[in-house]
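Trainee: structure, please.
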Amino acid sequence: MRIEIKVLGPLEVDVGEISIVPTASKPSQLLAILALNAGRVVTVNSLTDEIWASNPPRSVVPTLHTYILKLRRNLDMALADHGDLTSKDILITRRAGYLLNVEPTAVDAIRYERLSAAGRSAVNEGDHERASRTLAEALRLWRGPALSDVPVGPQLAIEALRLDENRLGDLHLRIEADLKLGRHHQLLGELATLCVRHPMLENFCVQHMIALYRSGRQSQALAAYRRLRGEMVEQLGVEPSPRVRQLHHAILSGQASVEDTSVVFNA
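Mentor: This next block holds a predicted model:
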């Protein structure tokens, strides 16, 4: 029997081919935190803090138990044709809390983090082809912002933010590896989109400027800098960082090297 858990986007938990995600918000929130801690006990205190923060109901333990029962009913319906396996074999009660008894690799976030670590290791080793391939495989697991359809409390909010920030970092590293492999033409559309979505993220603008310059589009590379500077000055009241200004100057004077992704000058 296959269990698949997806949190990198809307929450999906399928047992076989049957979804067990509750329609109510708080039980789905409970399922999300159990999923992100697959194979580990989540204490009642942690669950209470996540679902109700500083304002739990007086009947917090019975209410929590009701949510667990709803999850188990969904599990039992999905397990109806799977022999002797029951919901209590998967959603296990422990003295301190509850445990979702599935293989960690059933969770897309855990598979993503393993691929991410392998990709970053390849970056550190200078293996640009492997870095690009592995990070691209990791990024394909994403279907949207983490837990995009689940209400989040303090723990899930931090976890979703961490995952989303890691995704942006891995995306930057994958593009950097592709630039080092000379794939600047193929990156132009993707980078243009990223600069629209993240107008004040310097990393994507720098990569876009480099890809444009390498593609013989000097004027468009300079325009990309002007857009970044305009956004930063208007929204934050600050200038781009020295490294971005240095790249702008190098492109403006025609001294930027097309052989590297760092800001360098021709001799």
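
Trainee: could you check what's spatially nearest to residue 211, not counting adjacent residues?
Mentor: Once flanking residues are discounted, residue 211 sits nearest to residue 184: 4.1 Å by Cβ to Cβ, 6 or more residues apart in numbering. The way it works is simple: take the backbone N, C-alpha and C, and place the C-beta from them, glycine included.

Trainee: contacting residues around the one you found?
Mentor: Under the criterion of Cβ atoms under 8 Å, 6 or more residues apart in numbering, the contact list for residue 184 reads 210-211, 214-215.

Trainee: kindly report the same for residue 148.
Mentor: 9-10.

Trainee: repeat for residue 22
Mentor: Neighbouring residues of residue 22 by Cβ under 8 Å, 6+ apart: 28, 31, 70-71, 74.

Trainee: on that earlier part again, would TSV of the contacts of residue 184 with secondary structure be doable?
Mentor: Putting these into TSV (DSSP: H, G, I helix; E, B strand; the rest coil) gives the following:
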residue	secondary structure
210	helix
211	helix
214	helix
215	coil
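
Trainee: so which bits of stretch 163-175 are buried?
Mentor: Judged by neighbour count using 16 or more other Cβ atoms under 10 Å, the buried positions of stretch 163-175 are 163-164, 166-167, 170-175.

Trainee: restricted to helices, list those residues.
Mentor: In helices, judged by DSSP state H, the following of the buried residues of stretch 163-175 are found: 163-164, 166-167, 170-175.

Trainee: so where's the stretch 151-267 of the chain shaky on pLDDT?
Mentor: Across the stretch 151-267 of the chain, residues meeting the criterion (pLDDT under 70) sit at 256-267.

Trainee: that one: helices as residue ranges?
Mentor: With DSSP state H, counting those that start in this stretch as the definition, the stretch 151-267 of the chain shows helices at residue ranges 154-180, 184-197, 202-214, 218-236, 242-252.

Trainee: nearest to residue 66, of these?
Mentor: Smallest distance to residue 66 across the helices of the stretch 151-267 of the chain (Cβ to Cβ): 20.0 Å, for helix 154-180.
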